[in-house]
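pasting the structure only:
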């Protein structure tokens, strides 16, 4: 079955399963080699990259739908997900499926709810679904070099902006960092999110004052006279900060 026939078949099934005109698009951020990356699928149709989004079943709650879609499209489970925006530019779906008749389910006008997710990318191996030829992590610096379908570049940019705004009010890192890490490694994460360098002394002072870290009785040897202390997140305080916000950042 070629990609066009596959889309037509999916359209017939979708009309029975899903609500019309509403979809979800999760932006899953990972952190690796001191850089942020995002999870994308490359579609069989048109060979363009898209977010691993999908449609809302008739018996779904919206938050349930995005969890299911992320699992079905990319094999990703147990992520922190937060809604960040609604996207409804006209023709966002119609132009992508311009080769098809207007009765195609996927070609209808869809309002999409965006969610962002944070994930330790070393802990999962994405799995492409049957309408995609690939599901891969792509570094943000690589995005200008690839063709992104629909308005998904705009959605990723809005998710990153939201993450940058949240970083001053909520703790960041648990879903992105390994269990044990150094302060320089955590600083690299913040710098990758913010897109700028941070003063080391100021960052160390601020991050320690948040009271979300636990210093371990361990060090990491990185060279002669260089053995930085290891830290982990204090999950009780981290969860409180997620709920109540940060007061000292």
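Perfect, thanks for sending it. These numbers come from a predicted model, not from an experiment.

partners of residue 36 in the sheet?
Beta-bridge partners recorded for residue 36 (DSSP bridges): residue 31.

scratch that, residue 116 is what I was asking about
residue 27, residue 82.

this protein: helices as residue ranges?
Along the chain, counting by DSSP state H, helices occupy 3-17, 62-74, 152-166, 183-194, 200-209, 235-244.

quick one: distance of the fifth one to the chain centre.
So the one you mean is helix 200-209. Taking C-alpha atoms, centre = their mean, to the nearest Å, one finds helix 200-209 lying 26 Å from the centre of the chain it belongs to.

tell me the angle of that helix relative to helix 183-194?
Helix 200-209 and helix 183-194 meet at an angle of 100 degrees, taking axes from the mean of the first three to the mean of the last three C-alpha atoms, to 10 degrees as the criterion.

repeat that for the last one.
Helix 235-244 and helix 183-194 are oriented at 20 degrees to each other (the same axes, to 10 degrees).

check which residues of helix 235-244 are buried.
The neighbour-count check on helix 235-244 (16 or more other C-beta atoms under 10 Å) flags 238, 241 as buried. Glycine gets a C-beta too; all of them are placed from N, C-alpha and C.

give the contact list for the residue most central in space within the chain.
Nearest to the mean C-alpha position of the chain, by C-alpha atoms, centre = their mean, lies residue 28 at 1.4 Å. Going by C-beta atoms under 8 Å, 6 or more residues apart in numbering, residue 28 touches 38-39, 52, 70, 74, 76, 79, 116-119.

got those residues as JSON lines, with distance to residue 233, pLDDT and neighbour count columns?
Below are the contacts of residue 28 laid out as JSON lines (distance: C-beta to C-beta, whole Å; pLDDT from 0 to 100; neighbours: other C-beta atoms under 10 Å):
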{"residue": "38", "distance to residue 233": "23", "pLDDT": "96", "neighbour count": "24"}
{"residue": "39", "distance to residue 233": "23", "pLDDT": "96", "neighbour count": "25"}
{"residue": "52", "distance to residue 233": "27", "pLDDT": "97", "neighbour count": "25"}
{"residue": "70", "distance to residue 233": "23", "pLDDT": "93", "neighbour count": "25"}
{"residue": "74", "distance to residue 233": "25", "pLDDT": "92", "neighbour count": "23"}
{"residue": "76", "distance to residue 233": "21", "pLDDT": "87", "neighbour count": "22"}
{"residue": "79", "distance to residue 233": "16", "pLDDT": "78", "neighbour count": "21"}
{"residue": "116", "distance to residue 233": "19", "pLDDT": "95", "neighbour count": "25"}
{"residue": "117", "distance to residue 233": "18", "pLDDT": "90", "neighbour count": "21"}
{"residue": "118", "distance to residue 233": "13", "pLDDT": "88", "neighbour count": "23"}
{"residue": "119", "distance to residue 233": "15", "pLDDT": "85", "neighbour count": "23"}
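
closest one of the residues you listed to residue 182?
residue 118 (19.5 Å; C-beta to C-beta).

so that closest one sits against residue 175, correct?
Yes: judged on C-beta atoms under 8 Å, residue 118 makes contact with residue 175 at a distance of 3.8 Å.

and residue 53, how many neighbours?
Neighbour count for residue 53, taken as other C-beta atoms under 10 Å: 23.

re the thing from before, nearest to residue 137, out of the helices of the chain?
Closest to residue 137 of the helices of the chain is helix 62-74 (C-beta to C-beta; 10.2 Å).

outside of that closest one itself, list whatever touches it.
Everything outside helix 62-74 that qualifies as a contact, by C-beta under 8 Å, 6+ apart, is 24, 26, 28, 39, 41, 52-57, 60, 76-77, 79, 81, 83, 113, 115, 117, 126-129, 132, 135.

lowest-scoring secondary structure element of this structure by mean pLDDT?
The helix or strand of the chain with the lowest confidence, counting by mean pLDDT, DSSP states H and E, is helix 235-244 at a mean of 88.
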